[in-house]
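> Model the structure of this input:
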Amino acid sequence: MPTMTMIEAIRHTLRGELDRDERVMVLGQDVGRLGGVFRATDGLQSEFGADRVVDMPLAEAVIVGSAIGLAVSGMVPVAEVQFLGFTHQAFHQIGAQLARYRFRSKGRFPMPVTIRAPFGGGVRTPELHSEALEAQFVQSPGLKIVLPSNPADAKGLLTTAVRDPDPVLFLEPLRGYRLVRGEVPQGEHSVAFGEARMAREGTDVTLVAWSAAVQVAEKAAEKLDADGVSASVLDLRTLVPLDAEALCRAVAATGRCVVVHEAPLSGGFGAEVVATIQEGCFYSLESPVARVTAPDAPYPIGALEEHYIPGVEQVVTAARRTVEAIA
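Here you go, the predicted model:
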């Protein structure tokens, strides 16, 4: 299998889907001539034409609204919003229109729209570029939330997203675009939604994460292992649908859990993970579930972000306390 960065895997998948199905379109700000601000769509317009790889104005609501209209007309749009933080400008289109269109039309109109958006810290972006807003969209019933952490899953999950008859919010980790490399299967490769991935096996504590936080959890697990603490790492992959069975099974196996995510603590999806654990495997817990998250504060300037997003040492400290705690 070839080795790719995540951005290469995404571009490879988009090219394959455009070639496979003439209904597939890519649209967004600067996705055509420029090839995307991160070059995820580089070369696609010259290969497939300006009618299928379309440059849109700087108006996120227009981008999403156009994707809805295209889907109603029988197309399969893949819309890019340059940063997840910008989706606030299109929240009314995503939550009130896109997510509920099949429901509102009594099943008459499926909505095969994929919205791609990068997010997360570690690359010192300006304000509104790195915010982790995934939990805000979880409460838009009808919308699937997908967050790959590695290139192989980026291909497999994006393939599934494009072919799904329902809308998918496909969130890509900014610092994983070029810093995370891995083998990517050639040819047909899809990953089913709602199936978590056990990234590392362990016996003392389970670290639960998604997107770029998976790498943080894996590095923390390596450090813990050197100190005699065996940590497993569970990559949720998708928040909607959530693999509650795999989550509870992984936590029950160790009796201890630390949830890691980049969003602020209050109302973050980590709270939903904790609720799912206490409902599904409460009697297997040996100590309270811990969360390692960003603080309840606006995202800071780039020079301070290492003090804002969860780091390896924070996860290690939380895991040690969890292992040492008495239920």
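> what's the spacing between the spatially most central residue of the chain and residue 97?
When the chain is reduced to its mean C-alpha position, the nearest residue by Cα atoms, centre = their mean turns out to be residue 147, at 1.7 Å. Residue 147 is 23 Å from residue 97, where distance means Cβ to Cβ, to the nearest Å. Where you see a C-beta, it was placed from the backbone N, CA and C, and this is true even at glycine.
> what does residue 197 give?
Taking Cβ to Cβ as the criterion, residue 197 is separated from residue 97 by 32 Å.
> What of residue 254?
According to Cβ to Cβ, residue 254 and residue 97 sit 42 Å apart.
> out of the two, which sits in the more crowded spot?
Taking neighbours as other Cβ atoms under 10 Å, residue 254 and residue 97 compare with residue 254 leading, 21 against 17.
> Excluding chain neighbours, what is closest to that one?
Counting by Cβ to Cβ, 6 or more residues apart in numbering, residue 206 is the residue found nearest to residue 254 once chain neighbours are left out, at 4.7 Å.
> Give me the residues contacting the one helix or strand the one you found maps to.
The secondary structure element spanning residue 206 is strand 205-209 (assigned by DSSP states H and E). Contacts to strand 205-209, defined as Cβ atoms under 8 Å, 6 or more residues apart in numbering, come from residues 149, 216-217, 220-221, 224, 229-236, 247, 250-251, 253-254, 256-261, 273, 315, 319, 322-323.
> May I see the buried residues of stretch 164-173?
164, 166, 167, 168, 169, 170, 171, 172, 173 (16 or more other Cβ atoms under 10 Å).
> Ok, stretch 16-35 next?
Within stretch 16-35, judged by 16+ other Cβ under 10 Å, the buried ones are 16-18, 23-32, 35.
> quick one: contacts of it?
Contacts for stretch 16-35 (Cβ under 8 Å, 6+ apart): 14, 36-37, 40-45, 47-48, 50, 52-58, 63, 66-67, 70, 74-82, 116, 158-159, 162-163.
> And the helices in this structure?
Listed in chain order, the helices of the chain (DSSP state H) span residues 6-20, 44-48, 60-72, 91-93, 101-104, 134-138, 151-163, 176-179, 213-226, 244-254, 269-281, 312-324.
> for those, which one ends up most surrounded?
helix 151-163 (a mean of 24; mean count of other Cβ atoms under 10 Å).
> Report the mean per-residue pLDDT for stretch 213-224.
This predicted structure assigns stretch 213-224 an average pLDDT of 98.
> Now tell me what touches that stretch from outside.
Residues beyond stretch 213-224 that count as contacts (Cβ under 8 Å, 6+ apart) turn out to be 149-150, 176, 180, 199-200, 202, 204-205, 207-209, 230-233, 235, 260-262, 310-312, 315-316, 319-320.
> Can I have the buried ones of those residues as a ChimeraX selection?
The ChimeraX command for the buried members of the contacts of stretch 213-224 (criterion: 16+ other Cβ under 10 Å) is given here:
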select :149,150,176,180,199,200,202,204,205,207,208,209,231,232,233,235,260,261,262,310,311,312,315,316,319,320
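> how far does the longest strand anywhere in the chain sit from the chain's center?
Counting residues, the longest strand found in the chain (DSSP state E) is strand 257-264. Its chain's average C-alpha position is 13 Å from that of strand 257-264, according to Cα atoms, centre = their mean, to the nearest Å.
> next one: stretch 210-226
Between the mean C-alpha point of stretch 210-226 and the mean C-alpha point of its chain there is a distance of 17 Å (Cα atoms, centre = their mean).
> same deal with stretch 15-34?
Chain-centre distance of stretch 15-34: 20 Å, with Cα atoms, centre = their mean.
> So for it, first residue to last residue, what's the gap.
16 Å (Cα to Cα, to the nearest Å).
> and what of stretch 100-116?
Using Cα to Cα, first and last residues of stretch 100-116 are 19 Å apart.
> what does that stretch rub up against?
Around stretch 100-116, the neighbours that count as contacts under Cβ under 8 Å, 6+ apart are 10, 28, 40, 64, 67-68, 70-72, 76-81, 87, 94, 98, 140-142, 158, 161-170, 172.
> Repeat that for stretch 65-78.
Applying Cβ under 8 Å, 6+ apart, the contact partners of stretch 65-78 are 14, 17, 21, 23-27, 56, 79, 90, 93, 97-98, 101, 109-116, 162.
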